[in-house]
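Asks: Build me a structure from this.
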Amino acid sequence: MKKIIKIIALFCMTTILLSLLGACGEKPYVCTCDVIELTFSFWGDASELESTKAILDVYNNAQDRIHVTPMQIPNHLYGEEILSMSGGGNMPDCGMVNERDTIRWANENILTPFDIYAGQAIRPKDVITFKDDGNIITFSIASEVLALWFNRDLFDEAGIAYPPTTLETAWTWDEFIEVAKQLTFDADGKTPNDPGFDKDNIVQYGAYVNQWAWQMEVWALSNGGSWYSQDGKSVVFDAAAIEAMQKVYDLHLVHNVAPHNSAQQDNGYFESVGMGNVAMCTDGQWVAGFSAFNEINYGVGILPYMKQHANIATGGAVGIFAESKHPEAAAEFLRWYSNPESNFGQIEAGFWMPNRVNWYTDEALLRRWIDDVEVRARLPASAFRTAIAEVAINDTVTYPAAWYYTPNVDQLDKILISALIDATDGTKTVAQIIGEIRPLLEETLNN
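Replies: Next comes the predicted model:
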């Protein structure tokens, strides 16, 4: 996966440069006063350093009041390095922030809660706004939701219609299971519906639902439950949430339509549909950008639902660090940096979606980032619009992921990921596991 990410970074660098050379987005006010020096931190390797430099060069050359210097930190050391710099006077002014760290860093005075869009008419969507006790901390630089991805060839071979693409026609969970059964085959070509089906000798699976912790939350919401209270102050994991999670594991344990996965890593598209032997999977919209790196003839559909339609929003954050002496200037830069015009290369490559509302409501802008972009047009564009873009902007369907309002999500997810391994192979039920770890979750949330 690391190799794939590096390839993606190299691919994106070209598209970013092309888009930025054509438009500078929101140009700051130009003046000839003393230059304010800012440092912007980000995680990545050498190729990502070059692409980030290219973006910052566009900003620096567009005005003469603020100059931004990149600070590269390796992915696996990013959080540790930022924390080690805190209090030492050498922290960056602003930078990327992992979604899981955002609220905790604000509570620990690492991040400065700052509404960089204060007074702006065009703002990011509320669903990707990080809040603590209702107070804005920062925003995601991109807006992402989940979708159902599928292998067209496997559907065609089985003579089965492609997954629906609208909320009105979406499959129920039971309909999703039934289609998955028709697309699951053992070595003799039998499905789980056929007598003599050999569940220990499956050569093609019908479905895989991503079991990475943050993505599993969507099924609790779809089943009318929740993981945490909306004020981020208490652990819920009610009966509906527990039932929904068990249903996901039962795709493998009971229905024999999904491969076993230990849930210890983010095994989504690349480990299922991308391998060629799984007909459909759930994963983020960024799968649209993977078309340059595999030969699967894939399409997109809308998520199935349990009791109600549900999706979750996410997106990497950017923020202003508490030790910055120039928070207003940092806010001005981040407002420019998060403008879809400024990072259109990532959007055009298929990995990001715009974070501002008008890019979903203005038809000309919609066509620009969906219909006129090859990786989305091939899905086709109409499917992407209804299965992803319209869902992302629908406040009655799409909820903020837990890290937008719940502190210590990084530690909570680690507890869940470790404990739920026993649910993946049926050693324990989800109900048993949540019952055992609930006190630890509650203690961690309030720590």
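
Asks: Show the low-confidence segments of the stretch 101-250 of the chain, by residue range.
Replies: Low-confidence segments of the stretch 101-250 of the chain (pLDDT under 70): none present.

Asks: burial of the residue nearest to residue 421 when sequence neighbours are not counted, as a residue count?
Replies: Excluding the flanking residues, the one nearest residue 421 by CB to CB, 6 or more residues apart in numbering is residue 262, at 5.5 Å. In this view, the C-beta of every residue, glycine as well, is placed from N, C-alpha and C. Other residues within reach of residue 262, judged by other CB atoms under 10 Å, total 13.

Asks: Was I right to think residue 262 contacts residue 424?
Replies: Yes - under the criterion of CB atoms under 8 Å, residue 262 is in contact with residue 424, at a separation of 5.7 Å.

Asks: Confirm that the residue nearest to residue 421 sits in a helix.
Replies: No - under DSSP: H, G, I helix; E, B strand; the rest coil, residue 262 falls outside any helix and is assigned coil.

Asks: how far away is it from residue 436?
Replies: Note on residue 262: its distance to residue 436, by CB to CB, to the nearest Å, is 18 Å.

Asks: so who does residue 237 touch?
Replies: Counting by CB atoms under 8 Å, 6 or more residues apart in numbering, residue 237 makes contact with 220, 225, 227, 434, 438, 441.

Asks: now the residues you listed: which count as buried?
Replies: 220, 225, 227, 434, 441 (16 or more other CB atoms under 10 Å).

Asks: now, which of these sits nearest residue 98?
Replies: The closest of these to residue 98 turns out to be residue 227 (CB to CB; 18.6 Å).

Asks: was I right about that closest one contacting residue 215?
Replies: No - between residue 227 and residue 215 there is no contact, the gap being 12.0 Å when judged by CB under 8 Å.

Asks: per-domain residue ranges of the protein.
Replies: 2-143+315-356, 146-313+398-445 (automatic domain parsing).

Asks: And the ones you listed: which comes nearest residue 379?
Replies: So among these, domain 146-313+398-445 is nearest, using CB to CB, at 4.8 Å.

Asks: what about residue 136, which helix or strand?
Replies: Using DSSP states H and E, the secondary-structure element containing residue 136 is strand 135-140.

Asks: Pull that strand out as PDB, backbone CA atoms only.
Replies: C-alpha atoms of strand 135-140 as PDB (Å, rounded to 0.1, in the frame of the first residue of the first chain):
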ATOM      1  CA  ASN A 135     -17.100  25.500  19.200                       C
ATOM      2  CA  ILE A 136     -15.300  25.300  15.900                       C
ATOM      3  CA  ILE A 137     -11.800  24.000  15.900                       C
ATOM      4  CA  THR A 138     -11.000  23.700  12.200                       C
ATOM      5  CA  PHE A 139     -12.200  22.100   9.000                       C
ATOM      6  CA  SER A 140     -11.400  19.200   6.600                       C
END
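
Asks: Packing partners of it?
Replies: Strand 135-140 sits against helix 102-107, strand 129-132, strand 317-321, with contacts defined as 3 or more CB pairs under 8 Å, 6 or more residues apart in numbering; DSSP states H and E.

Asks: can you redo those as a markdown table with mean neighbour count?
Replies: Listed next are the helices and strands packed on strand 135-140 as a markdown table, based on neighbours: other CB atoms under 10 Å:
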| stretch | mean neighbour count |
| --- | --- |
| helix 102-107 | 23 |
| strand 129-132 | 20 |
| strand 317-321 | 26 |
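
Asks: want to throw these into a markdown table with distance to residue 123?
Replies: Shown next, in a markdown table, are the helices and strands packed on strand 135-140 (distance: least, CB to CB, whole Å):
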| stretch | distance to residue 123 |
| --- | --- |
| helix 102-107 | 18 |
| strand 129-132 | 9 |
| strand 317-321 | 15 |
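
Asks: Quick one: closest of those to residue 404.
Replies: That would be strand 129-132 among those, by CB to CB, at 5.3 Å.

Asks: Listing partners with orientation, what would you give for that closest one?
Replies: Note on strand 129-132: by DSSP bridges, its sheet partners are strand 135-140 (antiparallel).

Asks: what residues does the strand holding residue 136 touch?
Replies: Contact with strand 135-140 is made by 97, 99, 102-103, 106, 111, 113-117, 124, 128-131, 313-320, 338, 355, as judged by CB under 8 Å, 6+ apart.

Asks: Can you check what angle separates it from strand 317-321?
Replies: Interaxial angle, strand 135-140 versus strand 317-321 (axes from the mean of the first three to the mean of the last three CA atoms, to 10 degrees): 130 degrees.
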